[in-house]
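[1] Next input, structure requested:
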Amino acid sequence: MANHVWQRVTVNSEKEEVHRTLEKWWSGLDYNDVRGVVEPVFGKDFKYDTNIVGSKWVIIEDSDYGDDESYINFCSAWHPADGFLEELSSVIVAMDENACMSFTGDEESDDFLFAGYGSKNGFHWKMDDDEGPERPWEEECEEEGIDYDEAIDTFYDDVNEIQSSLLAECVMEVDNIDSE
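    Here you go, the predicted structure:
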């Protein structure tokens, strides 16, 4: 079985029709409807190609569509669906040139963390080059006399910090923001 990779996407647009379109595309899909996820982005004639999508499959685990901000949690196999996310960003910007899309992600075995950003200025995503923080395990914490709840909170704080840093780098890269 493939490792699951989660991509938590945020779409920001002041045009409510962008969010209604995303909701129309994806709110009623069955859990394993890969075709239903990719068709609105790549078109009905698209033949699924791992090299284009970036992963073996991509589905939606949950979503929340607002009036100016929407959240979509995609799940893919083995690798981020980076090609899909890049094309989705282009589709969103085509609907609203002032829209932007950001995402953070991780993989179930904690092997990698990543983030990305897209706007009218382009798209960039980045994977953490370093080995991420080591996940604490409850049994090991008990054996070592470490408070598991504190250790897991620290782990997730570290993960969030790495993802936030990656996302900030991507925003600077795409929107040409000088970091000084």
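[2] what about Gly116, neighbour count?
    28 (other Cβ atoms under 10 Å). All C-beta atoms are positioned from the backbone trio N, CA, C, and that covers glycine.
[3] Then Glu14?
    Residues near Glu14, counting by other Cβ under 10 Å, number 12.
[4] Equivalent analysis for the one 4 residues further on, please.
    Around Val18 there are 23 other residues, counting by other Cβ under 10 Å.
[5] mind listing the strands in this protein by residue range?
    Taking DSSP state E to define them, one finds strands in the chain at 4-12, 58-65, 69-77, 100-107, 113-119, 122-127.
[6] Run the angle between the last one and strand 4-12 for me.
    Read that as strand 122-127. Going by axes from the mean of the first three to the mean of the last three Cα atoms, to 10 degrees, strand 122-127 is angled at 150 degrees with respect to strand 4-12.
[7] again, but for the second one
    Using the same axes, to 10 degrees, the interaxial angle of strand 58-65 with respect to strand 4-12 works out to 40 degrees.
[8] Show which residues not belonging to strand 58-65 make contact with it.
    The contact list for strand 58-65, computed with Cβ atoms under 8 Å, 6 or more residues apart in numbering, reads 6, 19-20, 22-23, 26-27, 29, 31-34, 37-38, 70-77, 81, 84.
[9] ok, now the first one?
    Residues outside strand 4-12 that contact it (Cβ under 8 Å, 6+ apart) are 18-19, 22, 55, 61, 68-81, 85, 88, 92, 99-108.
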